[in-house]
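1. Take this sequence and fold it.
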Amino acid sequence: MNGQMNGHYGDTMKEKYDVVIIGCGPAGLTAAVFCGRAGLKTVVIGLAEKSQASIAMHIENYPGFPDGIDGPILLNKIMIQAQKFGVNFVKEEVVSVVCTEENNKNIFTVKTSKEKEFACHAIVVCTGVPIRLSGIKNEEKLTGKGVHYCVSCDGPMYKNKKIAIVGNGNHAAESAIEALSYSKDITIVSNAPAFDFSDAYMDEIKKWQIKAMITKVSEFRGDKKLESLLLGDGKETTFDCVFMACGIAGAFDFASNLGLETKDNILVVDENSMTNLAGVFAAGNCAGRCRQIAKNIGDGCNAAINVIRYLRSKDLYFDYVHAGTGTSIKKDDKPVSTAIQSNDNNIIKKKLWIGWFSFSCCEDSTIVFTEMMNDYWDKWKDVIEIRHARVLKGNNDLVNLDIAFVEGAISNEKSADELREIRKNCKKLIAVGSCAVTGMPSGQRNEFDDRRKREIAPIVDNYHYMEKVVPLHDIVQVDDNIPGCPMLETRFLNILDKYLKEFGINAQL
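-> This next block holds a predicted model:
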């Protein structure tokens, strides 16, 4: 195989690659050609027949083919070209992606429908346009009120409750297995004439005694929250919640699990095709509104070029390295700002002053933060001073913070003003958890249709809510992100270690 990957992966049973490309359409295949040709160890995971291009016959607007070309033929030609450069292809579905950190680098574990696992330092998401709604009556009305789309995000709300997973494929099976972390009463409802699980997932379903029903779902019933499902045969059955897992896992599923920012049903990427999570890139229809093959191939090229730069020369390519400033105190305890490597003998280093703040969310990350103190406080107490954390203390200080950790999205102008005040009084502001990083799932009402917006208008007006719930970076400058719902503990520890060093505080954490 081409290329050697630097760093460690942990589990030696995982297949190890530089980059995993999810999706087998024009964008994904083009990215594969460029990554393979650059000598990166590359694998493409996906089913070409699931690409919209595979059903496009006689394409006349793609340059270089004056007589037109059929979509399947074009895909096959690019695939052969990628294989020429050593790219591997795995004809399976991706059912989950998990991010961990090792040596200050993101490591991604990609799991397929046949339970294969791949580890890599970079991912390119090329899954096409996410199709979310199933057409079941009242699905939109009860979204967020018992009807959900992300088990890892919303599963904790339904511990020991009766949970339904709606879907008939491997994505549904993976969601059901994940839901076992919260309840043992799990039922998969096919909403189709039959299930289409792989043998491996069928074995897992039997092993864990997950119930399965082959029936259509006609309606979600309930007024203020989900109460029951009306099935195709007219029978009604009660559930505390439903997780939708129709079709295969797509960009939105990965976005929910990884804390990727989305807007108007597409992944938000920068000019380098990177999402808000370092190492995750996106290309094609899932990251753009111009849904043409020519444009998607260009996206794949751009993403691949920046993957190569990310993996090969990150320090040179990204303008993240600049002269840091540290916070010190003089011997009279008056705060001053000074260079980290100051030679002034009258200056000594102090503890890192941090604050913890919460806005609109369920405060899962706050719970994780307080629980972490049980494990780490003996190390933290000598180098960290918590100046502001309402969950811990009544007497709080919002002056000269080194770091403000902020959880939650912003839903009203009062919160926005409070956030601006926090930004004024800290040197670094770090968004904590999916809501702060992406605005979701707190901002589910952003996606409501006009009818539902009219229904909630009195509540919005009464509590002076903004038109949309927004992530922190829409209001103030954010210096770093800790994604996850709740936050990723390893990411928090690495961020803390990073800024202790940046502020010139010597600590062995």
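2. any idea how far H473 lies from S358?
-> Going from H473 to S358 by C-beta to C-beta, to the nearest Å gives 17 Å. For every residue, glycine as well, the C-beta is placed using N, CA and C.
3. same deal with D417?
-> Counting by C-beta to C-beta - D417 and S358 are separated by 16 Å.
4. okay, these two: which has more neighbours?
-> The neighbour count for D417 versus S358, taken as other C-beta atoms under 10 Å, is higher for S358 (21 against 12).
5. Go ahead and confirm the more buried one touches D364.
-> No. Look at S358 against D364 with C-beta atoms under 8 Å: they stay out of range, at 10.2 Å.
6. Mind listing what's buried along the top helix by length along the chain?
-> Across the chain, the helix with the greatest residue count (assigned by DSSP state H) is helix 293-312. By neighbour count on 16 or more other C-beta atoms under 10 Å, the buried set for helix 293-312 is 293, 295-308, 310-311.
7. Next: stretch 284-295.
-> Judged by neighbour count (16+ other C-beta under 10 Å), stretch 284-295 contains these buried residues: G284, N285, C286, A287, G288, I293, K295.
8. how long is it end to end?
-> Start-to-end span of stretch 284-295 (C-alpha to C-alpha, to the nearest Å) is 7 Å.
9. pLDDT of that stretch, averaged?
-> What stretch 284-295 shows for mean pLDDT is 82.
10. re the thing from before, from the chain's centre, how far out does the longest helix of the chain sit?
-> Averaged C-alpha coordinates place helix 293-312 at 20 Å from its chain's average position (C-alpha atoms, centre = their mean, to the nearest Å).
11. Then stretch 33-40?
-> Taking C-alpha atoms, centre = their mean, one finds the center of stretch 33-40 at 26 Å from the center of the full chain.
12. do the same with stretch 445-453
-> With C-alpha atoms, centre = their mean, you get 23 Å for stretch 445-453.
13. what's the first-to-last distance across it?
-> OK, stretch 445-453 end separation, C-alpha to C-alpha: 8 Å.
14. quick one: buried residues of it?
-> By 16+ other C-beta under 10 Å, the buried positions in stretch 445-453 come out as R445, N446, E447, F448.
15. Need the contact partners of that stretch.
-> Applying C-beta atoms under 8 Å, 6 or more residues apart in numbering, the external contacts of stretch 445-453 come out as E140, K141, T143, G144, G439, M440, I456, K468, V469.
16. quick check: domain ranges of the protein?
-> Domains of the chain are assigned by automatic domain parsing as 15-129+251-316, 147-244, 325-502.
17. all strands for the stretch 1-150 of the chain, in order.
-> 15-16, 19-22, 42-45, 88-90, 94-102, 105-112, 117-120, 122-125, 147-148 (DSSP state E, counting those that start in this stretch).
18. got TSV for these, with distance to S181 too?
-> As requested, the strands of the stretch 1-150 of the chain are exported to TSV (distance: least, C-beta to C-beta, whole Å):
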stretch	distance to S181
strand 15-16	25
strand 19-22	24
strand 42-45	25
strand 88-90	27
strand 94-102	13
strand 105-112	15
strand 117-120	18
strand 122-125	24
strand 147-148	15
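19. Mean neighbour count added to the ones you listed, as CSV?
-> Output for those, formatted as CSV (neighbours: other C-beta atoms under 10 Å):
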stretch, mean neighbour count
strand 15-16, 18
strand 19-22, 29
strand 42-45, 26
strand 88-90, 18
strand 94-102, 20
strand 105-112, 20
strand 117-120, 22
strand 122-125, 29
strand 147-148, 24
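20. would you list the ones you listed in CSV and tack on distance to M79 and mean pLDDT?
-> Shown next, in CSV, are these (distance: least, C-beta to C-beta, whole Å; pLDDT from 0 to 100):
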stretch, distance to M79, mean pLDDT
strand 15-16, 19, 90
strand 19-22, 12, 95
strand 42-45, 8, 95
strand 88-90, 7, 94
strand 94-102, 18, 86
strand 105-112, 18, 89
strand 117-120, 18, 93
strand 122-125, 16, 94
strand 147-148, 36, 86
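21. picking that back up, tell me which of the domains of the chain lies nearest to I136.
-> Nearest of those to I136, taken as C-beta to C-beta: domain 147-244 at 5.1 Å.
22. Work out the gap between that closest one and the centre of the chain.
-> 22 Å.
23. mind checking the end-to-end distance for that domain?
-> 7 Å.
24. what residues are up against I403?
-> L352, W353, I354, G355, C426, K427, K428, L429, I430, Y499.
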